[in-house]
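need coordinates for the below:
(2 chains)
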Amino acid sequence: MAFLAYFLRRLSLVIPTLVGVTFITFTLTYVLPGNPAVVKAGPLVSPEVVKELEKQMGLDQPAWVQYGRYIGGILHGDLGESSSTGRPVLEDFKQRLPATLELTLASLLIAMALGVPLGVQSAVHRDTAIDHIGRIVGVAGVAMPTFWTGLLALYVFFYLLGVAPAPLGRLGPGIEPPHAITRLYVVDSLLTGNWRALGSALHQLMLPSLTLGLSVMAPIARMVRSTMLEILESDYIKAAWAAGIPRRRVIYGDALANAMIPVITILGIVFGFLMAGNAVVESVFAWPGIGNYAIVALMTKDSGPIQSFVLFVALLYVTVNFVIDLLYGLIDPRIRLE
Amino acid sequence: MAVAALSPVWRRLRRNWLSIGALALIALMALAAALAHWVAPYEPDDTDAAAALAVPNIHHWLGTDIYGRDLLSRIIHAGQVDLTVALGATALALVIGCSVGVVAGLYRGIVDLVIMRCVDSVMAFPAFILAMAITAALGNSVTNVLIAIAITQIPNYLRLIRSEIFRIREMEYADAARVVGNPAWRLMFIHLLPNALPPIIVQGTLAMGYALLTMAALSFIGLGIQPPQSEWGSMTAEGAQYIVTGEWWLFLFPGLAIVLMVLSFNLIGDSLRDFLDPRMRGVR
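Here you go, the predicted structure:
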């Protein structure tokens, strides 16, 4: 019952945010300079034609009517058209989303796999060499632009060492994509036992996911470190030491399990970093995801995909944070009562 | 006696030699950028076909690009636009964020509720993505990049100052100042705001780093800067094309300039936090 109340309270905060988000994207799309009718008609058209087109597109209506139509469109899955691909933006999105998802998940996995142990070790060996190294990695990690680390990785591993593939998409040349199940190539090729595709997909994924993963590793390590420090001081951990429970089990069993709860909360922030980093990293590695799609649209002044991308990312971001809040309430009952 | 009184300050400074170095680096970069015409060895747009794509050497310390333009000179000149935009965006966000935050903190109730829902909506966008969309919508120019970055940062200051005001206005000295008959504005600006400033200063310093990164990333993907104007992010993007032919200096050095500047601002922000906000000491 308490959880239901918590759920409703959270939901009541999310709904105004969602309305605000659509209002902002609507403003960016329709109200600001750059008449969509002129853009759609092209520069060589008479004012009469533009006026006619404005009427067709409903641009002569008051702003609130336009906003209503905009919301209606979104609810029907109508995100407009891309003037460069000539297809509905939603179709283009569906096609590219698995690539973005695969990259995001792989990066998150790398960030957790490196960040959590680093945070634990920094806390356990506080103020020793490993703590200092962790600190330096953290400080440097947030100061380096992802596009630059991506290029650096390409230069070293592709150009100099030749161990990474050319940044040309999700599979090497001549490799057929695996039979589509989840449309994540790594997962699909595992499920269908297509080892050739699996090798190629992992090879292509290596540099972009490392670049993105390293960029978000620092906040995870930092959070794990500070919560671990707090927990290692607590009475029940001291009791566990006193009871002679093996060191490894105390640290990685009892302490880490509890330290992970606050870490869940920053996954929302990490996810935001990942979505932003995605766009840039995808463009560096020519990764065929939605971020790259939006940036290409930016170059060609194709406003449909840009604004839909922004809306999509914001909706996803709000949803992810909402789910994280719920998870947090589920795991830690104290939160529900606040 | 005077020496003895100064010794804790000196001890703190010495322990913070890293931040002193960072401060010096920023001062050096800012000075070089401001005096670029006199300091830079070449004009940023001077071409030299004979020295095209030169490896870093004695004449061109950081090498040259395909037109033979000196990379070091271009990086120094780029510092003007990069640092100006970062500073401008941070200042704009700080002023707007603090003013609105004070209003929210003072009036509470419905005003606060409406302002905070707006803040939630802005924060529902990852900052870089929102900056990208705003620049695209407002039109592609350096000024609009500045505005876009400022808008994405306003919520940080607003929330910070609001919660500080909430905290401070309940303190005893605030009550005392109220009881002796200070008018609201005086209470606000003389008694409350100065005490809310330390975390704002820390946030502002750290925000300089974020602003630089956002600026560079925006121009890396082609927003804001128009050639031949040099900017660290767009220079990195130009240099990216030469990775396959091995001209590493073209992407490496402009990016390094960003890293050094961001690192410096972050280091200073961190030690300012230790210095101004003892509660945060030890928390990283």
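
check contacts around the residue most central in space within chain B.
Taking CA atoms, centre = their mean, the centroid of chain B lies closest to B:M208, which sits 1.2 Å from it. With contact taken as CB atoms under 8 Å, 6 or more residues apart in numbering or on different chains, B:M208 is in contact with B:A86, B:L87, B:T90, B:F265, B:G269. Yep, even glycine has a C-beta here, placed from its N, CA and C like the rest.

rerun that using 7 Å as the cut-off
Neighbour list for B:M208: B:A86, B:T90, B:F265 [criterion: CB atoms under 7 Å, 6 or more residues apart in numbering or on different chains].

right, and the last one touches B:G209 too?
So that's B:F265. Yes: between B:F265 and B:G209 there is a contact under CB atoms under 7 Å: 4.0 Å.

what about the two, which has more around it?
The residue with more neighbours, out of B:F265 and B:G209, is B:F265; 27 against 23, by other CB atoms under 10 Å in any protein chain shown.

what about chain B, any weak spots by pLDDT?
B:1-15, B:277-284 (pLDDT under 70).

how about it: which residue is closest to chain A?
The nearest approach of chain B to chain A comes at B:S121, 2.6 Å away (CB to the nearest CB).

can you report how many residues lie near that residue?
The burial count for B:S121: 21, using other CB under 10 Å.

next one: the one 10 residues further on
When neighbours are counted by other CB under 10 Å, B:A131 registers 29.

and it, which helix or strand is it part of?
Element membership of B:A131 [criterion: DSSP states H and E] is helix B:127-138.

ok and the residue in the stretch 51-200 of chain A nearest chain B?
Of all residues in the stretch 51-200 of chain A, A:W148 sits closest to chain B, at 3.5 Å by CB to the nearest CB.

in a helix, that's where that residue is, yeah?
Yes: per DSSP: H, G, I helix; E, B strand; the rest coil, A:W148 lies within a helix segment.

which ones are touching it?
Counting by CB under 7 Å, 6+ apart, A:W148 has contacts B:T236, B:G255, B:I258.

for the strand or helix carrying the first one, packing partners?
Yep, that's B:T236 we're talking about. Here B:T236, judged by DSSP H and E, is contained in helix B:232-240. When contacts are defined as 3 or more CB pairs under 7 Å, 6 or more residues apart in numbering or on different chains; DSSP states H and E, helix B:232-240 sits against helix A:146-153, helix B:71-107, helix B:193-220, helix B:249-276.

dump it to CSV, restricted to CA.
Taking C-alpha atoms only, helix B:232-240 is exported to CSV below (Å, rounded to 0.1, in the frame of the first residue of the first chain):
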residue,chain,number,x,y,z
TRP,B,232,39.3,24.0,-30.2
GLY,B,233,36.3,21.7,-30.9
SER,B,234,36.1,22.5,-34.6
MET,B,235,39.9,22.3,-35.0
THR,B,236,39.7,18.8,-33.5
ALA,B,237,36.9,18.0,-36.0
GLU,B,238,39.1,19.2,-38.9
GLY,B,239,42.0,17.2,-37.6
ALA,B,240,39.9,14.1,-37.3
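
just the angle between it and helix B:249-276, please?
Following axes from the mean of the first three to the mean of the last three CA atoms, to 10 degrees, one obtains 150 degrees for the angle between helix B:232-240 and helix B:249-276.

distance from helix B:232-240 to the middle of the chain?
Mean C-alpha position of helix B:232-240 versus that of the full chain (CA atoms, centre = their mean, to the nearest Å) differs by 20 Å.

check stretch A:302-312 too.
Distance, centroid of stretch A:302-312 to centroid of chain: 16 Å (CA atoms, centre = their mean).

can you give the contact residues for it?
The contact list for stretch A:302-312 (CB under 7 Å, 6+ apart) reads A:25, A:28-29, A:36, A:39, A:79-84, A:89, A:92-93, A:290, A:293-294, A:297-298, B:125, B:129, B:133, B:136.

pLDDT wise, what is the residue of chain A found nearest chain B at?
Chain B sits closest to A:G20 of chain A, with a gap of 2.6 Å, by CB to the nearest CB. pLDDT recorded at A:G20 is 90.

OK, contacts around the spatially most central residue of chain A?
Nearest to the mean C-alpha position of chain A, by CA atoms, centre = their mean, lies A:M275 at 3.0 Å. A:M275 makes contacts with A:V313, A:Y317, B:P126, B:I129, as judged by CB under 7 Å, 6+ apart.

swap in 8 Å and give it another go.
By CB under 8 Å, 6+ apart, the neighbours of A:M275 are A:T104, A:G291, A:V313, A:L316, A:Y317, B:P126, B:I129.

got it, and B:D46?
By CB under 8 Å, 6+ apart, B:D46 lies in contact with B:R69, B:D70, B:S73.

swap in A:D78?
Residues near A:D78 by CB under 8 Å, 6+ apart: A:P88, A:L90.

where in chain A is pLDDT low?
Applying pLDDT under 70 to chain A flags the ranges A:1, A:31-44, A:337-338.

now the longest helix anywhere in it, how far from the centre of its chain.
In terms of residue count, the longest helix belonging to chain A (DSSP state H) is helix A:195-232. Per CA atoms, centre = their mean, the displacement of helix A:195-232 from the mean C-alpha position of its chain is 13 Å.

about what we covered before: of all the helices and strands packed on helix B:232-240, which one comes closest to A:L212?
helix A:146-153 (6.6 Å; CB to CB).

tell me what angle the closest one forms with helix B:232-240.
Counting by the same axes, to 10 degrees, helix A:146-153 lies at 30 degrees to helix B:232-240.

show me what counts as buried in the very next helix or strand once past helix A:146-153.
On the C-terminal side of helix A:146-153, the closest following helix or strand by DSSP H and E is helix A:185-191. Residues of helix A:185-191 classed as buried by neighbour count (16 or more other CB atoms under 10 Å in any protein chain shown): A:Y185, A:V186, A:V187, A:D188, A:S189, A:L190.

right, and the first one touches A:E176 too?
Right, the one you point to is A:Y185. No: assessed by CB atoms under 8 Å, A:Y185 is found out of contact with A:E176, at 10.6 Å.

common neighbours of the two, please.
Contact with both A:Y185 and A:E176 is made by residues A:A197, according to CB under 8 Å, 6+ apart.
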